[in-house]
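1. this one's structure only:
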C-alpha cells in the first residue's frame, strides 16, 4: 500500500487492516511488515474481532508505504465457525434496501424452502445476471441501492448487494475484504450464516470461496473493512494505491 500526498504532512496516525486472521479456513505461517517512514507501531483488535496494525509517523513526509509479506496456509474447507451473527442481520446505510432492491427481491423466483446457503446462492446467481463489472462508477461511500439502480459496480458493490438481499431474507451476512490468487488489487466477497457456520460466496464471480482466497477482515459493509484509516496534520490531498500479489507455493 502506498499513499502519496501533494504536500508534506505531520503527526500521521494510522490504522491498517492488513493482518490476516487465523480461521478454520486459513493459518498464518509467517508475516513481515515494513512501514515507511519509521513509525511507532502496535497491534489491536476491533469490535468484529479483526486484527490490525496501528501507529504514528511523527516526522514530516509526503509518501507513506506499508509492505506486508507472508505465507498463509489455506485449506479445502468451506465453512468458518463463529458467533455474534445477529448483528449481521441489521441493514446499514450502505446496504439498506431502497425501491430498486425491493423490486429486485420481489421479482426473484425463490425456491420453496432450502437452507440459508442455498437461498444465498440463488441471490448470487441473480445478481450475476443483473450487474455488470464496471470500475470507476462507485466508491467506498456508494450503497447497494445505487449499484442496483445503475446495474453496475465492482466487487464491493456486488458484495453489498448480496448482503442487502440476504438480510431482507432473514439471513445473517457479512462483508469480507481480502485477497485472491493472482496479481491486482484487494477483493471483496460475502460470508453467509447457514447451519451454524459461515460460508464464503463471491458474487463477482458467482462461486463459493475456496483455497484461492485469503481473508483480511470482515464487517457489516465495506466501511467497516477499509484497509487504511488515519488522520494527519496539514492541508494535503492523498492519493492511495494498493497492489496485491498472491502466489501458490
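-> In hand now; what should we look at? Computed from a prediction, not measured in an experiment: that's the story for all the values here.
2. which outside residues touch the worst-scoring helix or strand of the chain on mean pLDDT?
-> Each helix and strand of the chain was given a mean pLDDT (mean pLDDT, DSSP states H and E); the minimum falls on strand 79-80 at a mean of 77. Defining contact as CB atoms under 8 Å, 6 or more residues apart in numbering, one finds that strand 79-80 is touched by 23, 24, 25, 191, 197, 198, 199, 200. No exception for glycine: its C-beta is placed from N, CA and C like everyone else's.
3. Tell me, how many residues neighbour the closest residue to the first one other than its chain neighbours?
-> Right, the one you point to is residue 23. Spatially, and ignoring its direct neighbours in sequence, residue 23 is nearest to residue 80 (5.1 Å; CB to CB, 6 or more residues apart in numbering). Residue 80 has 19 neighbouring residues, counting by other CB atoms under 10 Å.
4. so how far is the first residue of stretch 35-51 from its last?
-> Taking CA to CA, to the nearest Å, stretch 35-51 runs 17 Å from one end to the other.
5. switch to numbering from 27
-> Shifting the count to begin at 27 puts that one at stretch 61-77.
6. Name the residues of it that come out as buried.
-> Buried residues in stretch 61-77, defined by neighbour count with 16 or more other CB atoms under 10 Å: 61, 65, 74, 76, 77.
7. Would you mind checking which of those residues is nearest to residue 271?
-> The shortest gap between residue 271 and any of the buried residues of stretch 61-77 belongs to residue 61, at 18.5 Å (CB to CB).
8. That closest one reaches residue 94, doesn't it?
-> No. Because the distance of 9.4 Å does not satisfy CB atoms under 8 Å, residue 61 is recorded as not touching residue 94.
9. what's the nearest residue to the residue nearest the centre of the chain if we skip its chain neighbours?
-> Centroid-nearest residue in the chain, with CA atoms, centre = their mean: residue 203, separated by 2.3 Å. Leaving aside its chain neighbours, residue 203 sits nearest to residue 251 (4.0 Å; criterion: CB to CB, 6+ apart).
10. still on that earlier bit, so which of the contacts of strand 105-106 is the most crowded?
-> Ranked by the number of neighbours (other CB under 10 Å), the contacts of strand 105-106 place residue 217 first, at 27 neighbours.
11. who's that one bridged to?
-> Using DSSP bridges, the bridge partners assigned to residue 217 are residue 200, residue 226.
12. Quick check: it vs residue 48, distance?
-> Distance, residue 217 to residue 48, using CB to CB, to the nearest Å: 16 Å.
13. ok, now residue 216?
-> From residue 216 over to residue 48 (counting by CB to CB), the distance is 21 Å.
14. now residue 109
-> Distance of residue 109 to residue 48, given as CB to CB: 16 Å.
15. quick one, helices of the protein?
-> Here the chain has its helices, by DSSP state H, at 125-132, 142-156, 170-176, 181-194.
16. I'd like to know which of the ones you listed lies nearest to residue 29.
-> Nearest to residue 29, of the helices of the chain and by CB to CB, is helix 181-194 at 19.3 Å.
17. Farthest pair within the contacts of strand 105-106?
-> Pairwise over the contacts of strand 105-106, using CB to CB, the maximum falls at 49 and 225, 12.5 Å.
18. residues touching the nearest residue in space to residue 144 that is not next to it in sequence, list them.
-> Nearest non-adjacent residue to residue 144, counting by CB to CB, 6+ apart: residue 137, 6.8 Å away. By CB under 8 Å, 6+ apart, the contact set of residue 137 is 144, 145, 148.
19. Are any of those buried, and if so which?
-> Neighbour-count burial (16+ other CB under 10 Å) applied to these gives 145, 148.
20. Give me the below-cutoff pLDDT ranges for this structure.
-> Applying pLDDT under 70 to the chain picks out residues 102-104.
21. Break this protein into its domains for me.
-> Under the assignment automatic domain parsing, the domains of the chain span 28-100+253-270, 105-251.
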